[in-house]
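Asker: sequence unknown, structure follows:
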């Protein structure tokens, strides 16, 4: 591609990968976490909408359980989304469903492998964060386009945090080792945003347990920056989170007609 035809940073196409192949055992038995309903609509659909309404996101890749690809494709066909059906073609956002792997890291890698070459900015978003506001999505994208190799939305902690010696058995008392300075701590959310080449290199290089994709970039020795997160971008992990998410949706319907 010539310099004249290469997109400027502000025009670099953006794709999002949503790993949704997990079972979500902490929510209890039933459908995979991403397919649990909020206000009658699967969490996955809420998460896809949250990304697709961004003016920046041109492609959303959903990484589904290998046995559930057809079901997820049917879901995307069944719900009105801000773009097109799987494969694209109707609007400004295209959609693609690919089979995932045994781990979240493997699923993200498979999503990256399905990305067309023109997408230079990649968002990775938890399907279990269905209510992230579009302003948060846009802020992450804009920070990557401004030159950051990796960007995470984050919130200051409201609670004091203790470092402890883990108990030998669940429920046993745990000795406190230290009290970190809360002013230097942040709770990290998604979508996390990356320069595509950086994220690909992280997945090719970093092995072992990681809790998020930004941690992999940190292990490359690169700087990860934060942008303000949002309290509604919480992760739906336990039954009480479902109740809170329903309450947020009810408030949005009253205030915004959403």
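Answerer: Perfect, I can see it now. Since we're looking at a predicted model, the values are computed, not measured.

Asker: List the contacts of the residue lying closest to residue 21 once chain neighbours are set aside.
Answerer: Spatial nearest neighbour of residue 21, excluding adjacent residues (C-beta to C-beta, 6 or more residues apart in numbering): residue 100 at 3.1 Å. (Each C-beta comes from the backbone N, C-alpha and C, glycine too.) With contact set as C-beta atoms under 8 Å, 6 or more residues apart in numbering, residue 100 has these partners: 19-21, 63-66, 106-107, 110-111.

Asker: What of residue 210?
Answerer: With C-beta under 8 Å, 6+ apart, residue 210 has these contacts: 105, 216, 219.

Asker: And the residue nearest to the last one when sequence neighbours are not counted, how far from residue 200?
Answerer: Closest residue to residue 219 in three dimensions, ignoring its sequence neighbours and counting by C-beta to C-beta, 6+ apart: residue 206, at 5.0 Å. For residue 206, the distance to residue 200 (C-beta to C-beta, to the nearest Å) stands at 11 Å.

Asker: Show me the contact partners of the strand or helix carrying residue 59.
Answerer: If you go by DSSP states H and E, residue 59 is part of strand 57-64. Contact with strand 57-64 is made by 13-21, 44, 48, 51-52, 71-72, 76, 83, 88, 92-100, 107-108, 110-111, 114-116, 119, 123, 127, 137, 141, as judged by C-beta under 8 Å, 6+ apart.

Asker: Count the residues that sit near residue 254.
Answerer: 9 (other C-beta atoms under 10 Å).

Asker: now it, what's its secondary structure?
Answerer: What DSSP: H, G, I helix; E, B strand; the rest coil gives for residue 254 is helix.

Asker: Report the contact partners of it.
Answerer: So residue 254 contacts nothing (C-beta under 8 Å, 6+ apart).

Asker: circling back to that earlier point, name only those of the contacts of residue 100 that count as buried.
Answerer: 19-21, 63-65, 107, 110-111 (16 or more other C-beta atoms under 10 Å).

Asker: Run me through the strand neighbours of the strand holding residue 59, direction for each.
Answerer: strand 14-19 (parallel), strand 94-99 (parallel) (DSSP bridges).

Asker: chain center to that strand: distance?
Answerer: The chain centre lies 11 Å from the centre of strand 57-64; the measure is C-alpha atoms, centre = their mean, to the nearest Å.

Asker: buried stuff in that strand?
Answerer: 57-64.

Asker: Widest-spaced pair of these?
Answerer: Within the buried residues of strand 57-64, two members stand farthest from each other by C-beta to C-beta: 58 and 64, at 20.1 Å.

Asker: Residue 226 is in what secondary structure piece?
Answerer: Going by DSSP H and E, residue 226 is in strand 224-228.

Asker: Name the residues of that strand that are buried.
Answerer: For strand 224-228, burial by neighbour count (16+ other C-beta under 10 Å) applies to 224-227.

Asker: Over to stretch 185-196?
Answerer: Applying 16+ other C-beta under 10 Å to stretch 185-196 flags 187-196 as buried.

Asker: is it true that residue 39 touches residue 246?
Answerer: Yes. Here residue 39 reaches residue 246: they are 6.3 Å apart, a contact under C-beta atoms under 8 Å.

Asker: returning to what we had before: now do the strand holding residue 59, average pLDDT.
Answerer: Model confidence over strand 57-64, given as mean pLDDT, is 95.

Asker: any low-confidence regions in the protein?
Answerer: 1-10, 22-32, 83-91, 257-258 (pLDDT under 70).

Asker: Please enumerate the helices of it.
Answerer: Using DSSP state H, the helices of the chain run over residues 43-52, 69-78, 104-113, 134-145, 196-205, 213-219, 239-256.

Asker: What lies in contact with the shortest one?
Answerer: Right, helix 213-219. Contact partners of helix 213-219, identified using C-beta under 8 Å, 6+ apart, comprise 105, 108, 124, 149-150, 152, 188, 192, 194, 198-199, 202-203, 205-206, 210, 224.
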